[in-house]
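Chemist: Next one to model:
(2 chains)
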Amino acid sequence: MTPAAIVRAGFRDQNPGLVQLLGLCPLLAVSTSLGSGLGLGLATMVVLVASNGLVSLVGRSLPAEIRIAVFVLLIAALVTTVELALAAWLPGLHTALGIFLPLIVTNCLVLARAEAFASRQPVGNALLDGFAMGGGFLVVLVALGSVREVLGRGSLGGDLHLLLGSGGPTYGLHLFGEQHGFLLALLPPGAFILLGLGLAWRQARKATDPAAASGAAVTGGKPGEATS
Amino acid sequence: MAASPERPAHRTIRAAMVLAAVAIAAFGLVAVVHELTRDRIAATERARELARFDQVLAGLPHDNDLLADTLTLRDAELPGSTEAVTAYRARFHGQPVAVVLEPVAPDGYAGAIRLLIAIAPDGTILGVRALSHRETPGLGDFIDTRKSDWMQQFTGKSAGSSAAARWRVRKDGGEFDQYTGATITSRAVVGTVGSTLEFFARHRDELLAAPATIEP
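Modeler: Reported below is the predicted structural model:
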């Protein structure tokens, strides 16, 4: 695959959040604000790039029986590394992401890319795929988080200090008072409704854009089949 | 794989050894990272605990290390706690100025609400905060001091005489405001703060005077 095709697949044609529907549990649970969405998106992307790289290096020399077990071990070690690093250097973000940080281990997006792509591709392609798929996931997380934060809390980026460190200037836009927020947007049903609108938008674009539709077919994925 | 001339037993052993090698490598990576981050994580954890105490002590001057001056009470009946209770003491020039307790209100609308309460030696409340809760956002989360100043109404209150009757929400004949639409949450917090004060009154001398227990 060409690099451009890999990037297009991750961000658009095979977008994990809107087309493959992988990793929906953290996507829906953590996207309550721009800051936490960005934080989990970046953490997932780091894990995905590193696991794709490692899997691509060892994948083809592994006996078939233990391949998945080795992938899970590698992913678990990487996630624990990221979690410890966040606990040490960004404790606020670590607290905000809570259980969903260690649960990146079970995000089927990571294992799916390891098994379906990275184990059969050269390292360069695998790293780029990790970046593109992680980036596609990040974009959906940030978009959903931004919309939910604006609707539910009347602010945008109000908790970016979790990422950028507190004590500096206050971050974010404050559009209206939190007590006037649309509560549904912050609750789980709001996450489902807004993601549903996102899916509908993606489907509508695919229907009117023949290039995107054929692109999805060429990469040979199975959209909408696996969810977690 | 199908073309491999290896015998099945050799294949299995080889696979097991590869898996073991990867497991050891993964373990090594996590161990190294854990070693590198351990001190920093302990320091941030400590800073976070101290910041929590600062919130309920509200600037009360103290010159001791609260995390080192703790007292573990066995068989104590702090609300919602069935195990040993830890009390933190704040001192200024050796004199106790506050006791910080961590009671749990077990009967919140969405499960237990962990509270942090600072009480002055005379039984007056210095501050109350919710440490963790799962109350409904927008309805029950007024106990978060960033969302509402409802928790401030406890500051300066003490158990007094007929404590059990007064430490209720107004709806139940007590003297504390319930938060409209979230009576269950209000009731749980008010009741727990009240029984924590009673607990303090019963164990006051022990809480203030006993030497610090060494944490095991």
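
Chemist: by contact count, what packs against the helix or strand A:L141 falls within?
Modeler: If you go by DSSP states H and E, A:L141 is part of helix A:123-153. Judged by 3 or more CB pairs under 8 Å, 6 or more residues apart in numbering or on different chains; DSSP states H and E, the packing partners of helix A:123-153 are helix A:3-8, helix A:24-30, helix A:34-58, helix A:108-116, strand A:155-156, helix A:188-208. Where you see a C-beta, it was placed from the backbone N, CA and C, and this is true even at glycine.

Chemist: how about 10 Å then?
Modeler: Identification of packing neighbours for helix A:123-153 by 3 or more CB pairs under 10 Å, 6 or more residues apart in numbering or on different chains; DSSP states H and E yields helix A:3-8, helix A:24-30, helix A:34-58, helix A:108-116, strand A:155-156, strand A:173-174, helix A:188-208.

Chemist: comparing these, which gets the lowest mean pLDDT score?
Modeler: Looking at the helices and strands packed on helix A:123-153, the lowest mean pLDDT belongs to strand A:173-174 (a mean of 74).

Chemist: circling back: list the buried residues in the helix holding A:L141.
Modeler: By neighbour count with 16 or more other CB atoms under 10 Å in any protein chain shown, helix A:123-153 contains the buried residues A:125-153.

Chemist: re the thing from before, among the helices and strands packed on helix A:123-153, which comes closest to chain B?
Modeler: Proximity to chain B (CB to the nearest CB) singles out helix A:34-58 among these, at 7.6 Å.

Chemist: Next, the angle helix A:108-116 makes with that closest one.
Modeler: 20 degrees (axes from the mean of the first three to the mean of the last three CA atoms, to 10 degrees).

Chemist: Quick check: next helix or strand after helix A:34-58?
Modeler: Following helix A:34-58 toward the C-terminus (DSSP H and E): helix A:67-89.

Chemist: next structured bit after that following helix?
Modeler: helix A:91-97.

Chemist: list the buried ones in that next one?
Modeler: A:91-94, A:96-97.

Chemist: still on that earlier bit, could you give the average pLDDT over the helix holding A:L141?
Modeler: On average, helix A:123-153 scores 90.

Chemist: got the angle between that helix and helix A:188-208?
Modeler: Going by the same axes, to 10 degrees, helix A:123-153 makes 130 degrees with helix A:188-208.

Chemist: Look at residue 12 and say how many residues are nearby.
Modeler: The chain I'm using is chain A. Residues within reach of A:R12, counting by other CB atoms under 10 Å in any protein chain shown, total 21.

Chemist: my question was about chain B
Modeler: 14.

Chemist: Could you confirm it falls within a helix?
Modeler: Yes - assessed by DSSP: H, G, I helix; E, B strand; the rest coil, B:T12 belongs to a helix.

Chemist: how much space between it and A:I66?
Modeler: For B:T12, the distance to A:I66 equals 10 Å [CB to CB, to the nearest Å].

Chemist: do B:G108 as well
Modeler: B:G108 is 47 Å from A:I66, by CB to CB.

Chemist: more neighbours, these two?
Modeler: B:G108 (24 against 19).

Chemist: secondary structure class for the nearest residue to B:V100 once chain neighbours are set aside?
Modeler: In space, and not counting its chain neighbours, B:V100 is closest to B:Y88: 4.2 Å by CB to CB, 6 or more residues apart in numbering or on different chains. Three-state call for B:Y88 (three-state DSSP): strand.

Chemist: For B:Y88, give its distance to chain A.
Modeler: To chain A, B:Y88 is 21 Å away according to CB to the nearest CB, to the nearest Å.

Chemist: surely that residue meets B:L73?
Modeler: No - counting by CB atoms under 10 Å, B:Y88 does not reach B:L73; the two are 12.0 Å apart.

Chemist: hey, what's in contact with both of the two?
Modeler: B:L101 (CB atoms under 10 Å, 6 or more residues apart in numbering or on different chains).

Chemist: neighbour-wise, which of those two wins?
Modeler: Applying other CB under 10 Å to B:Y88 and B:L73 shows that B:Y88 carries more neighbours, namely 24 against 19.

Chemist: Might you report the residue contacts of that one?
Modeler: B:49, B:52-53, B:57, B:64-71, B:98-102, B:116, B:118, B:212.

Chemist: List the beta-bridge partners for the residue nearest to B:V100.
Modeler: B:T70, B:V100 (DSSP bridges).

Chemist: how far is stretch B:197-214 from where the chain is centred?
Modeler: The chain centroid and the centroid of stretch B:197-214 are separated by 18 Å under CA atoms, centre = their mean, to the nearest Å.

Chemist: Output it in PDB with nothing but the alpha carbons.
Modeler: Extracted in PDB, the C-alpha atoms of stretch B:197-214 (Å, rounded to 0.1, in the frame of the first residue of the first chain):
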ATOM      1  CA  LEU B 197     -19.600  14.700  64.500                       C
ATOM      2  CA  GLU B 198     -21.200  12.300  67.000                       C
ATOM      3  CA  PHE B 199     -18.300   9.900  66.400                       C
ATOM      4  CA  PHE B 200     -15.900  12.700  67.000                       C
ATOM      5  CA  ALA B 201     -17.600  13.700  70.300                       C
ATOM      6  CA  ARG B 202     -17.500  10.100  71.500                       C
ATOM      7  CA  HIS B 203     -13.800   9.600  70.600                       C
ATOM      8  CA  ARG B 204     -12.600  13.100  71.100                       C
ATOM      9  CA  ASP B 205      -9.900  12.600  73.700                       C
ATOM     10  CA  GLU B 206      -8.600   9.500  71.900                       C
ATOM     11  CA  LEU B 207      -8.500  11.300  68.500                       C
ATOM     12  CA  LEU B 208      -6.700  14.400  69.900                       C
ATOM     13  CA  ALA B 209      -4.300  12.900  72.400                       C
ATOM     14  CA  ALA B 210      -3.200   9.400  71.400                       C
ATOM     15  CA  PRO B 211       0.200   9.200  69.800                       C
ATOM     16  CA  ALA B 212       0.500   8.600  66.100                       C
ATOM     17  CA  THR B 213       0.200   5.000  65.100                       C
ATOM     18  CA  ILE B 214       3.000   3.800  62.900                       C
END
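
Chemist: I'd say A:F71 and A:A116 touch.
Modeler: No - assessed by CB under 10 Å, A:F71 is found out of contact with A:A116, at 11.0 Å.

Chemist: and those two? which has more neighbours close in?
Modeler: Neighbours of A:F71 and A:A116, each counted by other CB under 10 Å, are more numerous for A:F71; the result is 24 against 15.

Chemist: who's in contact with the more buried one?
Modeler: Counting by CB under 10 Å, 6+ apart, A:F71 makes contact with A:51, A:54-55, A:58-59, A:62, A:110-111, A:113-115, A:118-119, B:22.

Chemist: how about the helices of chain B, start to end?
Modeler: B:8-57, B:163-166, B:183-209 (DSSP state H).
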